[in-house]
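>>> predicted model and sequence follow; I will ask about them next.
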Amino acid sequence: MLWTNINHQNSKRLKPFRTPFASPFSAGTLFILVMLALFSCKKDPYEIGIDLLPPSDTLNVNTTDTCTVLAFSVKQDSILTSEPATLMIGSMTDPVFGKTTANFFSQVQLSALDADFGSQPILDSLVLQLYYSGYTGDTNTRQNIKVYELSQYLYFDSNYYSNQTAGYYQTMLADLNFYPRPTDSVVVSGSKVQAHLRINLSNMTQYLGNKILYTPSSILASNEEFIHFFKGLHVATSPVNSGGALLKFQTDNGLSKLVVYYHDGLDPDDDSLSFEMPMSEYCARFVNINHHGYLDANQDLKRQILNHDSAQGANKLFLQGLGGVKIKVKFPFMSSFVHGKVVAINDALLMLKNLETDTTYAPPPTITIMRQDSAGRIGYLADELEGSSYFGGTYNQTERTYCFRITQHMQKIMADYYTSNFDLFIFVSNPLQSALNTGRIILNGTNSNIPGDLSDHLQLKVTYTVLD
């Protein structure tokens with residue numbers, strides 16, 4: 001790990017940090033100064049509290065960008081994927097992060113209660129439709145998916161995570177090889193329809209189609225009864241060896257549904273009957289993500305997340321969505337940042353630089369930083385309450401950088417505010433929310449000797465006022 005001595009620009013060596021009560025300022029004046037330093041988010045950090053100090057004390061405003069920062073990549077356990085706005089299937093192999101495969105589990109619901117399929121319905125076909133909402137990767141790689149009926153009931157509003165699965169019957173309903181066409185319209189009954197994936201669930205067996213057509217009328221009278229009778233579907237993806245894509249499907253679109261096509265056995269001329277079962281926003285559903293142990297990742301990434309060689313974070317840092325890879329950040333010497341002096345943190349910026357110039361894998365438009373203790377409990381930083389325009393995390397395409405303002409958080413560390421130990425972690429997306437973000441990025445590490453501009457490495461830039 002890289003250890004860099006703290007070097008305060010334009011300031012002499014200071015004494016051990018002292019609590020605010022040791023300040024020669026009155027308690028009231030000191031309180032005002034600290035509060036202004038914490039909450040004056042829109043002001044220039046050099047101006048915060050300056051108007052309350054004698055002119056000679058303005059010389060006590062200092063800036064340093066050489067604070068010791070330790071950072072390295074680690075595997076993320078999982079993310080919340082229950083009731084996402086989009087479902088995901090597919091497999092892709094990234095040259096850096098290796099193989100990722102997505103599968104989903106979902107209920108369907110009745111489009112109308114008390115459906116009447118007649119006394120002798122005859123199944124024509126059962127088709128699962130999934131409306132494309134986007135993709136990541138190469139759609140010229142052939143994908144394989146298999147579909148099964150769930151044997152396990154899913155509970156709406158329960159938390160399901162990316163490393164979870166649900167029980168399903170082993171009878172295969174579909175085994176489809178296909179090339180994704182997320183932008184091509186589909187012809188259905190002679191008419192063009194928006195791009196969607198169609199999976200016939202009655203070619204291999206007619207069991208499920210007939211189960212729906214011969215559902216007892218008492219079960220068709222209630223969605224709750226129906227989803228206990230037919231618990232839903234599991235759509236599984238076979239891993240690809242190269243290329244591939246992760247495919248996103250919008251669930252609240254009318255095209256995402258299960259449709260049973262049938263005719264009345266007593267009326268052979270009536271062959272145009274159908275009944276829809278949508279994947280509505282009220283369907284319990286979740287996505288399973290498999291990174292295959294990162295066995296196919298490149299060696300630089302493996303050294304950090306598999307061999308736990310944290311020193312490698314000085315050179316490169318890796319960040320991946322879908323519960324993949326996060327970055328652990330530590331500031332080991334901040335509690336003794338200014339020895340013996342009372343300070344107010346005017347501004348604290350954590351800056352990261354994108355190492356990649358290849359646009360094949362676009363960097364995520366936003367990332368986030370949160371705190372997490374040894375028990376895995378995740379919490380927000382106080383600075384995030386000020387809004388994204390203050391807190392940061394948005395990608396600057398011109399500079400190829402991300403920046404977080406963590407001023408209040410650093411002030412709390414200086415004041416020994418926190419009663420439990422925790423570290424900061426950078427994620428592609430908030431792990432407490434169901435966000436299937438496929439973004440990934442490679443960043444410069446903490447080594448200040450990285451070739452290029454001196455500011456290209458991960459660094460913490462702190463502007464502070466010495467109050468005593």
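Thanks, I have it.

>>> and stretch 438-458, which residues are buried?
Using 16 or more other CB atoms under 10 Å as the test for burial, stretch 438-458 gives 438-448, 450, 456-458. (C-beta placed from N, C-alpha, C; glycine too.)

>>> among those, which two are most distant?
438 and 448 (31.8 Å; CB to CB).

>>> element containing residue 175, please.
strand 168-178 (DSSP states H and E).

>>> for that strand, which strands pair with it and how are they oriented?
If you go by DSSP bridges, strand 168-178 pairs up with strand 143-150 (antiparallel).

>>> where does the stretch 201-350 of the chain dip in pLDDT?
268, 271, 335-340 (pLDDT under 70).

>>> ranges for the strands of it?
Per DSSP state E, counting those that start in this stretch, the stretch 201-350 of the chain carries strands over the ranges 233-237, 244-250, 257-264, 273-278, 285-290, 316-320, 325-330, 343-353.

>>> dump the residue contacts of residue 250.
Listed by CB atoms under 8 Å, 6 or more residues apart in numbering, the contact partners of residue 250 are 85, 86, 131, 132, 133, 256.

>>> so can I have a markdown table of those residues showing secondary structure?
Below are those laid out as a markdown table (DSSP: H, G, I helix; E, B strand; the rest coil):
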| residue | secondary structure |
| --- | --- |
| 85 | coil |
| 86 | strand |
| 131 | strand |
| 132 | strand |
| 133 | strand |
| 256 | coil |
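
>>> mind picking the two most distant members of those residues?
Most distant of the contacts of residue 250, by CB to CB, are 85 and 132, 13.8 Å apart.

>>> and those two? Which one has more around it.
residue 132 (23 against 13; other CB atoms under 10 Å).

>>> now that one, nearest residue through space, not along the chain?
residue 182 (4.0 Å; CB to CB, 6 or more residues apart in numbering).

>>> ok, now how distant is the one you found from residue 380?
As judged by CB to CB, to the nearest Å, residue 182 and residue 380 stand 35 Å apart.

>>> and for residue 209?
From residue 209 over to residue 380 (counting by CB to CB), the distance is 48 Å.

>>> the two: which has the busier surroundings?
Taking neighbours as other CB under 10 Å, residue 209 and residue 380 compare with residue 209 leading, 24 against 15.

>>> that one reaches residue 126, doesn't it?
Yes: under the criterion of CB atoms under 8 Å, residue 209 makes contact with residue 126 at 3.8 Å.

>>> can you check which residues contact both of those two?
Joint contacts of residue 209 and residue 126 (CB under 8 Å, 6+ apart) are 201, 202, 260.

>>> going by distance to residue 387, which of those residues wins?
residue 201 (46.7 Å).

>>> that closest one touches residue 147, doesn't it?
Yes: assessed by CB under 8 Å, residue 201 is found in contact with residue 147 at 6.0 Å.

>>> more neighbours, those two?
Per other CB under 10 Å, whichever of residue 201 and residue 147 has more neighbours is residue 201, with 25 against 20.

>>> and the more buried one, how far is that from residue 109?
For residue 201, the distance to residue 109 equals 17 Å [CB to CB].

>>> then residue 359?
41 Å.

>>> who has more neighbours out of the two?
Set side by side, residue 359 and residue 109 show more neighbours around residue 109, with 20 against 7, by other CB under 10 Å.

>>> residue boundaries of the helices in the stretch 251-400 of the chain?
For the stretch 251-400 of the chain, applying DSSP state H, counting those that start in this stretch gives helices covering 299-305, 388-391.

>>> could you export the next helix or strand after the last one as PDB, CA atoms only?
Think helix 388-391. Moving toward the C-terminus from helix 388-391, the first helix or strand encountered (DSSP H and E) is strand 401-405. Written as PDB, here are the backbone C-alpha positions of strand 401-405 (Å, rounded to 0.1, in the frame of the first residue of the first chain):
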ATOM      1  CA  THR A 401     -12.900  12.500 -13.700                       C
ATOM      2  CA  TYR A 402     -15.300  11.900 -10.800                       C
ATOM      3  CA  CYS A 403     -15.200  14.100  -7.700                       C
ATOM      4  CA  PHE A 404     -16.900  13.800  -4.300                       C
ATOM      5  CA  ARG A 405     -17.200  16.600  -1.800                       C
END
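
>>> thank you kindly, that will do.
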